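> have a look; sequence and predicted model below, questions after that.
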Amino acid sequence: MRGRILFNGNAGSDLIDVSAPYVLSSAHRNAPKVLIVTAAWGVGEYNEGPIKRALYGIGVPADVRDGYDRNVYNLCAWHAWADFLGKRPDVAQVHADIQAAQDEIRRFYLEKTAFHADLIRRGVRAVRARRPRFSLGRVNDRDPLRPEAVHTGSEIVEKALGRELAASIDALVDNDERMLKSFSDAEEALLARTGLRMDPQWRAVRERLEERILSADAVLLFGGSPQKLLAPFRFFDLRPALLETLRRGATVVASSAGALVLCERMIVYDERNGDPSQRDFRLLDSGLGLVGGVQILPHCMDRIHTDDADNLAYLARRFGSRICVGLNEGSYLLVDLGGPTATSVGREDGVYTFGVDGVKRQYHFGERIPLG
């Protein structure tokens with residue numbers, strides 16, 4: 001695997017400029033072919049004009065023939081997906097039925113998530129009322145100098161509720177796994193009921209989208225709705241094409257929703273609750289899994305209480321099999337898949353990681369982020 005992925009938390013005016021050295025150096029020819037992916041914009045997918053002008057500005061040349069730029073071009077995945085379903089009402093009906101089932105499953109699991117998250121918050125408050133220095137990051141830590149025979153009542157409460165807090169987090173982890181398994185079953189049902197993999201129309205669209213991906217030296221995935229971005233990639237099974245273009249040495253730039261979709265899991269901030277203190281991160285869906293062991297959390301400072309050690313410990317413990325990485329508008333994480341290595345390359349802001357100890361660590365320009 002020779003490719004690279006440049007992750008960003010939220011596309012700002014400098015995204016193309018910061019990406020320039022990686023985009024321009026990814027070419028296997030005189031000039032790089034750049035694929036734009038704006039499927040997360042839905043019906044506004046074709047409004048990529050400003051992006052093209054920015055790419056021309058950093059030195060990516062246009063190759064316009066018959067009114068179409070063959071050097072800087074849009075994947076048009078969302079419209080391909082919507083057009084296919086519009087022409088195939090038989091598939092669209094099954095697809096809508098499966099999506100409705102997934103939405104119902106998600107609502108059920110979100111209720112369970114909210115219950116356990118509230119239980120964790122109340123448990124932390126109860127322990128801290130007795131033990132002001134209590135930290136969720138130290139749940140289950142042992143103090144060998146304090147034998148149980150001399151534990152105070154407050155220490156006994158801390159130990160007991162600590163076990164309950166750990167059990168609630170474990171329940172959330174199990175809850176996440178079951179939800180994803182249900183979603184996977186639903187996707188299998190869609191394929192079984194429609195026979196999509198053998199459908200000539202579906203295969204023709206998929207082949208066209210694959211060719212666009214495999215022709216690119218650089219792929220730029222922009223933010224917006226994670227679900228709108230994921231839907232066509234999953235429906236047309238485009239993950240193998242993305243993996244192949246990375247294997248060949250392409251550079252992928254992924255911002256906000258684009259970054260989420262490349263992870264094994266898509267973790268989003270739940271803004272539906274009117275009380276900010278009760279808002280929580282929630283598992284939306286599985287992603288394409290192009291990078292393992294790293295959980296990207298975009299819009300970091302806007303949506304994560306990074307000064308709350310308990311909140312950071314909760315995130316890291318819930319998604320403990322992955323490094324939790326927070327990114328802002330000025331944060332850039334370069335993952336070189338050939339290493340693999342991960343390096344902070346944003347000059348305006350750093351890359352943040354959150355450990356199960358509740359400690360926030362910032363990595364400045366040029367610093368490596370440990371992946372192991």
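Now that the structure is in, tell me what you want to look at.
> which residues in the stretch 1-150 of the chain form strands?
4-8, 34-37, 64-65, 68-69, 72-74 (DSSP state E, counting those that start in this stretch).
> what about the fourth one, distance to the chain center?
By that I understand strand 68-69. 31 Å (Cα atoms, centre = their mean, to the nearest Å).
> name the residues that touch that strand?
52, 62, 63 (Cβ atoms under 8 Å, 6 or more residues apart in numbering). For the C-beta atoms, the positions are set from N, CA and C on the backbone; glycine is no exception.
> and these, which are buried?
residue 52 (16 or more other Cβ atoms under 10 Å).
> just the ones of the contacts of strand 68-69 in helices?
residue 52 (DSSP state H).
> from the contacts of strand 68-69, which is closest to residue 71?
For the contacts of strand 68-69, the residue nearest residue 71 by Cβ to Cβ is residue 63; the value is 3.8 Å.
> per-residue pLDDT, that closest one?
On pLDDT, residue 63 comes in at 92.
> next one: the one 5 residues further on
According to the per-residue confidence, residue 68 scores 90 in pLDDT.
> hang on, residue 224 packs against residue 43?
No: using Cβ atoms under 8 Å as the test, residue 224 is too far from residue 43 to be in contact (11.0 Å).
> looking at those two, which one has more neighbours?
The residue with more neighbours, out of residue 224 and residue 43, is residue 224; 21 against 10, by other Cβ atoms under 10 Å.
> any idea how far the more buried one is from residue 257?
5 Å (Cβ to Cβ, to the nearest Å).
> for the stretch 201-350 of the chain, give me the ranges with low pLDDT.
Applying pLDDT under 70 to the stretch 201-350 of the chain flags the ranges 270-280, 320-321.
> repeat the analysis, applying 50 as the threshold.
276-278 (pLDDT under 50).
> how about the helices in the stretch 251-372 of the chain?
Using DSSP state H, counting those that start in this stretch, the helices of the stretch 251-372 of the chain run over residues 257-262, 300-303, 309-318.
> of those, which stretch is the most buried?
Mean neighbour count (mean count of other Cβ atoms under 10 Å) peaks for helix 257-262 among the helices of the stretch 251-372 of the chain, with a mean of 27.
> helices and strands around that helix, which ones?
Packing partners of helix 257-262 (3 or more Cβ pairs under 8 Å, 6 or more residues apart in numbering; DSSP states H and E): strand 4-8, strand 218-221, helix 226-235, strand 251-255, strand 265-269, strand 294-297.
> mind checking which of the ones you listed is nearest residue 364?
When these are ranked by proximity to residue 364 (Cβ to Cβ), strand 4-8 comes first, at 16.0 Å.
> returning to that earlier point: minimum distance to residue 364: which of the helices of the stretch 251-372 of the chain has it?
Of all the helices of the stretch 251-372 of the chain, helix 300-303 comes closest under Cβ to Cβ, at 14.9 Å.
> ok, residues contacting the closest one?
So helix 300-303 is contacted by 9, 10, 269, 281, 297, 306, 326, 327, 328, 331, 352 (Cβ under 8 Å, 6+ apart).
> coming back round to it: need the helices and strands packed on helix 257-262 in a markdown table (columns: mean neighbour count).
Formatted as a markdown table, the helices and strands packed on helix 257-262 follow (neighbours: other Cβ atoms under 10 Å):
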| stretch | mean neighbour count |
| --- | --- |
| strand 4-8 | 26 |
| strand 218-221 | 27 |
| helix 226-235 | 22 |
| strand 251-255 | 28 |
| strand 265-269 | 19 |
| strand 294-297 | 24 |
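> to residue 79, which of those lies closest?
That would be helix 226-235 among the helices and strands packed on helix 257-262, by Cβ to Cβ, at 8.6 Å.
> that older thread, among the strands of the stretch 1-150 of the chain, which is nearest residue 220?
Here strand 34-37 is closest among these (Cβ to Cβ), at 5.3 Å.
> quick one: closest of the helices and strands packed on helix 257-262 to residue 93.
Of all the helices and strands packed on helix 257-262, helix 226-235 comes closest under Cβ to Cβ, at 14.6 Å.
> tilt between that closest one and strand 251-255?
Per axes from the mean of the first three to the mean of the last three Cα atoms, to 10 degrees, the angle that helix 226-235 makes with strand 251-255 is 140 degrees.
> how far is stretch 118-126 from where the chain is centred?
Chain-centre distance of stretch 118-126: 27 Å, with Cα atoms, centre = their mean.
> identify the residues contacting it?
Against stretch 118-126 from outside (Cβ under 8 Å, 6+ apart): 134, 136, 157, 161, 164, 165, 168, 169, 278, 310, 314.
> please flag which of those sit within helices.
Per DSSP H, these map to helices at 157, 161, 164, 165, 168, 169, 310, 314.
> contacting residues around the second one?
In other words, residue 161. Residue 161 touches 123, 126, 127, counting by Cβ under 8 Å, 6+ apart.
> any idea how far the first one is from residue 129?
The spacing between residue 123 and residue 129, counted by Cβ to Cβ, is 11 Å.
> so which of those two has more stuff around it?
residue 123 (18 against 11).
> out of the strands of the stretch 1-150 of the chain, which gets nearest to residue 22?
Closest to residue 22 of these, according to Cβ to Cβ: strand 4-8, at 5.5 Å.
> what is that closest one packed up against?
Counting by 3+ Cβ pairs under 8 Å, 6+ apart, strand 4-8 packs on helix 15-24, strand 251-255, helix 257-262, strand 332-336.
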